[in-house]
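**Student:** here is my input, please return the structure:
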Amino acid sequence: MDKSETVLVTGATGYIGGRLVPALVEEGYRVRVLVRDASRIEGRPWADDVEVFVGDLLKPDTLERALDGVSTAYYLVHSMYGGKGFMERDRESARNFVRAGSSLRHVIYLGGLIPEAHDVSAHLASRREVGEILRAGLPVTEFRAGPIIGSGSASFEMVRYLTERLPVMTAPRWIENEVEPIAVGDVLKYLTQALERKPLGVIDIGGDRLTFRDMMQGYAKVRGLRRTIITVPVLAPKLALWVGLVTPISNSLAVPLIEGIIHPVVGNTERAEELFPEINPLPYIQSVYTIRRDCDIPRSRRKDSNEVERHSGRRIILFYFGAAGAYQGEKKHLRGQPARSRVQRFYRFGRRQGMAGLGMGLAFKRFYGQAGRRAGTQAREETSDGASCR
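**Tutor:** Numbers count the residues shown, from 1 in each chain. Model (predicted):
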């Protein structure tokens, strides 16, 4: 692509878009961004280096001016936070973009790896459908990625906070599923280098394969923490509703994240290796070491009086009660019974399973006032765009 031409970035205020724009500017590209609210990019270091157009993919009449004179565009928009009717919104946004961008020569879209299962989560299904709509009407390169590893990434922050704050975790069996994480820096390399290629269709990208348990234990190793994770032989996807008790991640974001990994999430990266041989994705552990270095995350644990207050043993116990309630909520014959009864039944179930019961016992007895109060370590807070720490 000729760097004198303008490239459009939709979703410029999102996690990836907010990092891609400065990368493109640094490479010398002329960048135009499409945002719904121009005030959201005020104060960003690159705000004065790009053209800003206000528009909404759900309002077709606002797209024509933004696409005028553009031959290449990034499509980085999706409804991660969901809400009623999010699939229809994603579908309509993609269709409006295809109609308005009929003269585009190349669209670069970042989607998600799709599990080989019949009951794919609604969010992953929506992202797959968006890719299909774009490819049906425009020349597209669609990168499909698994969990993105970087400071501020929802997937990584969930791993970080769960590992930091739960010395012992009783977890459902989906943590043994394989995933294929990729460093945010590598995602940006694929996105920027795709500008110099013709449209390539669907390309799976990722690093090494490991389980979600391995991701947490790997993070613990980098941080110098000892963590015990006990697997409960149930799926309990509703456990996502309780992630907010021990992490800063909202339920509206945690639910789609966990629903997306109740099946293995891995891809075939052979095409990526063939088409982008110069990109060698970082192994997961090295990605975490990079974040620790760039974000100044200390190896040794430190106490913080505010966090001790916020994340006391009471919150840790609520997490385990939530896990118990989530499991029992899936049992039809227990629906409608008091929460205490559900927890008691779950605990008896855990005792029958041996180690699961041991994990619950340790959580209730030992870590209520001891490790629970020490589980308040918090990594450095990120800025909204995380430009200096990724």
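
**Student:** secondary structure element holding the residue minimising distance to the centre of the chain?
**Tutor:** Geometric centre of the chain, nearest residue: Ser155, 3.5 Å, by Cα atoms, centre = their mean. Secondary structure assignment for Ser155, by DSSP states H and E: helix 154-165.

**Student:** show me what that helix is packed up against.
**Tutor:** Taking 3 or more Cβ pairs under 8 Å, 6 or more residues apart in numbering; DSSP states H and E as contact, the helices and strands that helix 154-165 lies on are strand 148-149, helix 212-223, helix 251-259. Every C-beta, even on glycine, is put in place using the N, C-alpha and C of the backbone.

**Student:** check contacts around Ala194.
**Tutor:** Contact analysis of Ala194 by Cβ atoms under 8 Å, 6 or more residues apart in numbering lists Ile108, Thr141, Phe143, Leu200.

**Student:** for these, give me CSV that also has distance to Val77 and secondary structure.
**Tutor:** Formatted as CSV, the contacts of Ala194 follow (distance: Cβ to Cβ, whole Å; DSSP: H, G, I helix; E, B strand; the rest coil):
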residue, distance to Val77, secondary structure
Ile108, 13, strand
Thr141, 16, strand
Phe143, 15, strand
Leu200, 20, coil
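
**Student:** relative to Asn280, which of these is nearest.
**Tutor:** Distance to Asn280, by Cβ to Cβ, is smallest for Phe143 among the contacts of Ala194, at 16.1 Å.

**Student:** how about the closest one, what does it touch?
**Tutor:** Ile108, Tyr109, Leu110, Gly111, Val187, Tyr190, Leu191, Ala194, Ile203, Ile205.

**Student:** can you tell me which of the residues you listed are in strands?
**Tutor:** Using DSSP state E, Ile108, Tyr109, Leu110, Gly111, Ile203, Ile205 are the members of the contacts of Phe143 that sit in strands.

**Student:** what's the neighbour count on the fourth one?
**Tutor:** A count of nearby residues for Gly111, using other Cβ atoms under 10 Å, gives 22.

**Student:** and it, how far from Val179?
**Tutor:** 16 Å (Cβ to Cβ, to the nearest Å).

**Student:** now do the third one
**Tutor:** Remark: distance between Leu110 and Val179 (Cβ to Cβ) = 17 Å.

**Student:** do the second one as well
**Tutor:** The spacing between Tyr109 and Val179, counted by Cβ to Cβ, is 21 Å.

**Student:** so between those two, which is more surrounded?
**Tutor:** Tyr109 (28 against 25).

**Student:** would you list the phi and psi of the residue nearest to the residue nearest to the centre of the chain when sequence neighbours are not counted?
**Tutor:** Nearest residue to Ser155 in three dimensions, chain neighbours excluded: Pro147, at 3.7 Å (Cβ to Cβ, 6 or more residues apart in numbering). With angles defined as degrees, to the nearest 10, Pro147 sits at phi -60, psi 130.

**Student:** I figured Pro147 hits Arg160, correct?
**Tutor:** No: applying Cβ atoms under 8 Å as the test, Pro147 and Arg160 come out as separate, 11.9 Å apart.

**Student:** related to what we said a few turns ago, closest to Ser79 out of the contacts of Phe143?
**Tutor:** Gly111 (13.2 Å).

**Student:** specify the beta-bridge partners of the closest one.
**Tutor:** Beta-bridge partners of Gly111, counted by DSSP bridges, are Arg144.

**Student:** in contact with it, which residues?
**Tutor:** Arg127, Arg128, Val130, Gly131, Glu142, Phe143, Arg144, Ala145.

**Student:** which other helices and strands contact the particular helix or strand that has the first one in it?
**Tutor:** Assessed by DSSP H and E, Arg127 sits inside helix 122-137. When contacts are defined as 3+ Cβ pairs under 8 Å, 6+ apart, helix 122-137 sits against helix 86-100, strand 106-112, strand 140-145, strand 201-205, helix 251-259.
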